[in-house]
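S.K.: One predicted model, sequence on top.
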Amino acid sequence: MLSNLEKYDVVLASGSPRRRELLSALGLKFRVEVREGISEALPAGMPVMQIAAHLSRVKAEAYKPVDNQLIITADTVVIEGGEVLGKPADEAEARRMLQRLSGKVHSVITGVTVTTRERTQTFSAQTQVEFDELTDEEITYYIDNYRPMDKAGAYGIQEWIGCVGVRSIQGSFYNVMGLPIQRLYTLLKTF
């Protein structure tokens, strides 16, 4: 599948092992390239629902496609109570985030941008995630054993916390992992 992409040097511009795993599931030949120091500053007053798409475009602009490159960039945000929960700075912040998500519904939005020299296309996907009430012991166990400091909202749905804590989801499971792979596949078919 996706034989239309054989003409491209496909680049996943992300250090996320989850995005790498999901893109690999498409059977697509690609390589990973990560650039450091890309500013994630946001325009004043930007609505939280637009942040992920904006950041994926900012990342795409840092990777100027040359020749036959097709570059995929993405950014995932967790939103609870109208506020973005990014990656926690430390265990204490991870604990506060998980306590905040406990027993509530939150949104996970991933923005994806696909860029070639001729074309740039951006979309975002939203998933609603409902957490069960988490005990302090469960939160401690998760933080101690899974080290969620590299994950927006301080959790990975594919890990232990997803098995025991997620009561329901509406939308793409893979979006919560960091890449709405079905939507990306549909877009890639058009390149």
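M.R.: Great, that's in hand.
S.K.: Excluding chain neighbours, give the residue nearest to R95 in space.
M.R.: Nearest non-adjacent residue to R95, counting by C-beta to C-beta, 6 or more residues apart in numbering: I139, 5.8 Å away. Where you see a C-beta, it was placed from the backbone N, CA and C, and this is true even at glycine.
S.K.: A strand includes G162, no?
M.R.: No. G162 is assigned helix when assessed by DSSP: H, G, I helix; E, B strand; the rest coil, not a strand.
S.K.: Check which helix or strand S107 maps to.
M.R.: Using DSSP states H and E, S107 sits in strand 105-115.
S.K.: For that strand, which residues meet the burial criterion?
M.R.: Under the neighbour-count criterion of 16 or more other C-beta atoms under 10 Å, strand 105-115 has H106, S107, V108, I109, T110, G111, V112, T113, V114, T115 buried.
S.K.: Would you mind measuring from the residue nearest to the second one when sequence neighbours are not counted to G86?
M.R.: The shortest distance from S107 to any non-neighbouring residue, by C-beta to C-beta, 6+ apart, is to I79 (4.5 Å). Per C-beta to C-beta, to the nearest Å, I79 is found 11 Å from G86.
S.K.: which residues in this protein form strands?
M.R.: In the chain, the strands defined using DSSP state E lie at 9-12, 31-32, 69-80, 83-85, 105-115, 120-131, 166-170.
S.K.: elements contacting the first one?
M.R.: If you count contacts as 3 or more C-beta pairs under 8 Å, 6 or more residues apart in numbering; DSSP states H and E, strand 9-12 packs onto helix 17-24, strand 31-32, strand 69-80.
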